[in-house]
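[1] How does the following fold in three dimensions:
(2 chains)
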2 protein chains.
Amino acid sequence: MAKVLTPRSESYSQWYNDLVLKADLAENSAVRGCMVIKPYGYAIWEKMQSILDRMFKDTGHENAYFPIFIPKSFFSKEADHVEGFAKECAVVTHYRLMNDPDGNGVVVDPEAKLEEELIVRPTSETIIWNTYKNWIQSYRDLPIKCNQWANVVRWEMRTRLFLRTAEFLWQEGHTAHSTKEEALEETETMINVYADFAEKYMGVPVLKGFKSANERFAGALETLCIEALMQDGKALQAGTSHFLGQNFAKAFDVKFANKEGKEDFVWATSWGVSTRLMGALIMAHSDDNGLVLPPKLAPIQVVIVPIFRKPEELAKIKEAASGLIAKLRDKGIDVKFDDNDNKKPGWKFAEYELKGVPVRLAMGPRDLENGTVEVARRDTLSKEVVALEGVDEHIVKLLDEIQTNIYQKALDFRAESTVSVDTYEEFKTQLDKGGFIMAHWDGTPETEQKIKDETKATIRCIPMDQPDEDGVCIYSGQPSKKRVVFARAY
Amino acid sequence: MAKVLTPRSESYSQWYNDLVLKADLAENSAVRGCMVIKPYGYAIWEKMQSILDRMFKDTGHENAYFPIFIPKSFFSKEADHVEGFAKECAVVTHYRLMNDPDGNGVVVDPEAKLEEELIVRPTSETIIWNTYKNWIQSYRDLPIKCNQWANVVRWEMRTRLFLRTAEFLWQEGHTAHSTKEEALEETETMINVYADFAEKYMGVPVLKGFKSANERFAGALETLCIEALMQDGKALQAGTSHFLGQNFAKAFDVKFANKEGKEDFVWATSWGVSTRLMGALIMAHSDDNGLVLPPKLAPIQVVIVPIFRKPEELAKIKEAASGLIAKLRDKGIDVKFDDNDNKKPGWKFAEYELKGVPVRLAMGPRDLENGTVEVARRDTLSKEVVALEGVDEHIVKLLDEIQTNIYQKALDFRAESTVSVDTYEEFKTQLDKGGFIMAHWDGTPETEQKIKDETKATIRCIPMDQPDEDGVCIYSGQPSKKRVVFARAY
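    Just a heads-up that it's a prediction; the model follows:
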């Protein structure tokens, strides 16, 4: 079979687009910038959702749902939010269509103009804090720890499937606390949840750190983030957790009476990950043959392809496989037996490679005779013939091994791709090779901006676990206490 | 404690509103007609979603996601759809805000006007069939059986929490088939799934039937529905499944090559249930003390309230309860141990009654001495003292019993409230008492419309399992072959 994907070496960006389309993950829709998430792509997102949802609940959060529309005036209430937040939003101005008097379908009814325009939520801090106002009177009402799974819209001009789309799916957590310390702790708890999820489930190692002031969320006092490295050496912000201080409480007048009966404004956090994670997952592991999925997020973890010419052969293979399938399903493994007789085994092998199924079994008449089965790994593309007896245990271990291997490979790649530089010349040379660059920075937004303007590199984060170290800023020569992480980014 | 709810006898409608608010299910938001679904309400919806999702997957459906926006022109493509569908929609006309030059917050940027307006989806047939066009070439690509969990917007003028809101959450299934028979079968399969869900999980008996032409979905050749009866004698449509024929395939030019290589238009169905089910659930079972939830949908199935004065007492009760809690959780039962010491037991009892928790246990020092526990049922409000030893088995049975009892009670109520009438006078008298009225109808839209105009009663459905019976229309005296179900409805 001819390669269906543009090789990464030829065009990483075209490879990504090819892969998203050919592996049936998503496609562009008739609406500019809005994607259709196809069943196979959505099945991966559902696994992500279900694991994250469990992690949120285990850390004491509840789900709720807030309106998709936000009155325009709400955006003006928190000064930094309105200043900093992109103003590319979908604006609803009318609430009725009517038949075109000239008979050309439907037109907007000019009589049905809204008094105040509604914005399709780009994020929900404002409407949620306007709601929390009614939920909070005293410290006994706190903390409130809500999450919502929702769609949001940001009218991006240049879109790419999963990575940057006008509409995307996400979760947004919004918590309310009686003390600054508790809110700070929550901010940190959630970035740790995201990091755990990225590493243990997605198999993607991430750096945890603080955003510089320039890169902070509009309205946040502190933004924590996780940053992943893609195979082309570009960084991808995979999740953020914001300490919002009392900014939104002040904007929406949300006060509480503390234990001493004294009134104070409520402390806030917000945190989110989105379908962008799908982009990170795809780009972190996949190869020129297609997707490589970590077993913990693969919709199909094991596929069994029978090799047969005659229906009798298929029947025998089916029988031999049925015990194995039952055992695997008992262990909670998602198995597919593909007996479609319209497609040849070779076609199926390529197809499941393209779709990133971690383990592929092939069983033919000779295997039946020998009591064996062929086991192929997607991550290493290696094959082995093993005894059918006990293969279920083997597969359980193999899935774990693949999960670990995928992560280790990404971790090694990141280690190779992370360098420390001490001069601006080195910095620029290194940038063109890609990867994370650890460099000293003088801490000023001006220097950060100049470096960005000159090189397109941004400070991805000020890492949480980076030791203090005296040095001088690569750009200004001013003193610096700590290296920060630069990269070009998605 | 004073009753927090308006009694049903005083005002059923006020009772409903009180209950939705006081039980923390939902509330109105700052955006007209859009609700906030609060954590407790959302937890019930999540249980509904998770069960329905499993049922959809077990019947061969996959989830996907389609854009929230639909180009305005799409609505004109299917003639009946545009004619019949309410035109009250949220219309997006602009894509950018800007700072008000006069310094008053933000205004809509007049430069950022969309060439074609976008409609926030009221339902997704059009955008989905426009997408399916690219997915379907031959019969091998069929069937396609997608479902999506999504928010939709219909600009309703008179809204009520859960029952009729501008934005609501729902699922919409959209399937594509190569034959009419297969599409008809799918339409029926899904109404059966809905009926099973309503009866087995919600404990709400439903009538299955066909909608009359007047009440059909815009663009459907046949609409199947399930109709439930609320305690005030009004009907509530709880779910619909539409046979769309080839209408949308023709509108969006979706053809396939059949096995013989001949081209034909694809056959379609669509089906959905929404957060309206929450309204049905609340109104079908609850009483003047609050919610009554069927155990299978209760976020908290069992609550344990310790009765204590001193911390030592609480510690002992906690210890005694811990084994029971572990056993119940092992059986998959959601248990809450409420040791909040800010609230008295009496307050807690009322609170969990209000919230419909099916089983409440109370444990005090005397129970510890006697090895007993007090078990209270929400559905009957009865209490008994039972041995702590083995109470877990007792509770499992009790939860089943409550589930059955709730359903049976609703079924008995419906039986009492269903009458056959043979004259229009009887019909009108009966209507004021509420309930389902089985009556002969001549089958014409004109008669149906006149009855509706004169009495506000609509044909809820032409029941699937109603035997044929010769009679004459209560209104026109024309011959009729079958009784249909009339009622006033939500």
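[2] And for A:E227, the neighbour number?
    23 (other CB atoms under 10 Å in any protein chain shown). Backbone N, C-alpha and C define where each C-beta goes, glycine included.
[3] three-state assignment of it?
    Taken by DSSP: H, G, I helix; E, B strand; the rest coil, the conformation at A:E227 corresponds to strand.
[4] Identify the residues contacting the lowest-mean-pLDDT helix or strand in chain A?
    None of the helices or strands of chain A scores lower by mean pLDDT, DSSP states H and E than helix A:79-84, at a mean of 73. Outside helix A:79-84, the residues within contact range by CB atoms under 8 Å, 6 or more residues apart in numbering or on different chains are A:75-76, A:125-126, A:216-219, A:247-248, A:251, B:99, B:105-106.
[5] Surely A:C34 is in contact with A:T165?
    Yes - between A:C34 and A:T165 there is a contact under CB atoms under 8 Å: 6.5 Å.
[6] all helices of the stretch 201-350 of chain A, in order?
    Shown for the stretch 201-350 of chain A, the helices assigned by DSSP state H, counting those that start in this stretch span residues A:247-251, A:276-285, A:311-330, A:345-354.
[7] Please state the offset of the first one from the chain centre?
    Here helix A:247-251 is found 28 Å from its chain centre; the criterion is CA atoms, centre = their mean, to the nearest Å.
[8] and what of the third one?
    Its chain's C-alpha centre lies 36 Å from the corresponding centre of helix A:311-330 when counted by CA atoms, centre = their mean.
[9] Give the buried residues for it.
    Within helix A:311-330, the residues scored as buried using 16 or more other CB atoms under 10 Å in any protein chain shown are A:316-318, A:320-321, A:324-325, A:327-328.
[10] just checking, what's the longest helix in chain A?
    Longest helix in chain A by number of residues (criterion: DSSP state H): helix A:391-416.
[11] Buried residues of that helix, list them for me.
    In helix A:391-416, counting by 16+ other CB under 10 Å, buried: A:391-392, A:394-396, A:398-399, A:402-403, A:405-407, A:409-410, A:413-414.
[12] tell me how far that helix is from the chain's mean position?
    20 Å.
[13] what does stretch A:175-186 give?
    Its chain's C-alpha centre and that of stretch A:175-186 lie 25 Å apart, by CA atoms, centre = their mean.
[14] Chain B versus the closest residue to A:H242 other than its chain neighbours, what's the distance?
    Spatially, and ignoring its direct neighbours in sequence, A:H242 is nearest to A:A220 (3.9 Å; CB to CB, 6 or more residues apart in numbering or on different chains). As judged by CB to the nearest CB, to the nearest Å, A:A220 and chain B stand 19 Å apart.
[15] ok, A:A220 touching A:L244?
    Yes - counting by CB under 8 Å, A:A220 touches A:L244, with 5.4 Å between them.
[16] Quickly list what's touching both of these two.
    Common neighbours of A:A220 and A:L244 (CB under 8 Å, 6+ apart) are A:S270.
[17] before we move on, the earlier item: could you name the helices and strands sitting against the helix or strand that comes right after the least confident helix or strand of chain A?
    Downstream of helix A:79-84, the next assigned helix or strand under DSSP states H and E is strand A:91-94. Counting contacts by 3 or more CB pairs under 8 Å, 6 or more residues apart in numbering or on different chains; DSSP states H and E, strand A:91-94 is packed against strand A:113-120, strand B:91-94.
[18] How many neighbouring residues does the residue in the stretch 301-450 of chain A positioned nearest to chain B have?
    Nearest to chain B, among the residues of the stretch 301-450 of chain A, is A:N342, at 6.5 Å (CB to the nearest CB). The number of residues packed near A:N342 is 6, by other CB under 10 Å.
[19] Could I get the pLDDT score of it?
    A:N342 is assigned 87 on the pLDDT scale.
[20] what's near enough to touch it?
    B:R140.
[21] A:V273 contacts A:L236, correct?
    No - taking CB under 8 Å as the definition, A:V273 is not a contact partner of A:L236, at 11.8 Å.
[22] Looking at the two, which one has more neighbours?
    A:V273 (25 against 22).
[23] Name the nearest residue to the more buried one, sequence neighbours excluded.
    A:G239 (4.2 Å).
[24] Who does the one you found form a beta bridge with?
    A:I226 (DSSP bridges).
[25] ok, it to chain B distance?
    Distance from A:G239 to chain B, by CB to the nearest CB: 20 Å.
[26] Model confidence score at that residue, please.
    At A:G239, pLDDT is 98.
[27] interface residues of the stretch 151-300 of chain A facing chain B?
    By CB under 8 Å from any CB of the partner chain, the residues of the stretch 151-300 of chain A that approach chain B are A:151, A:153, A:155, A:167, A:169.
[28] For these, point out the one with the lowest pLDDT.
    Per-residue pLDDT puts A:W155 lowest of those, at 94.
[29] gap between that one and B:S212?
    43 Å (CB to CB, to the nearest Å).
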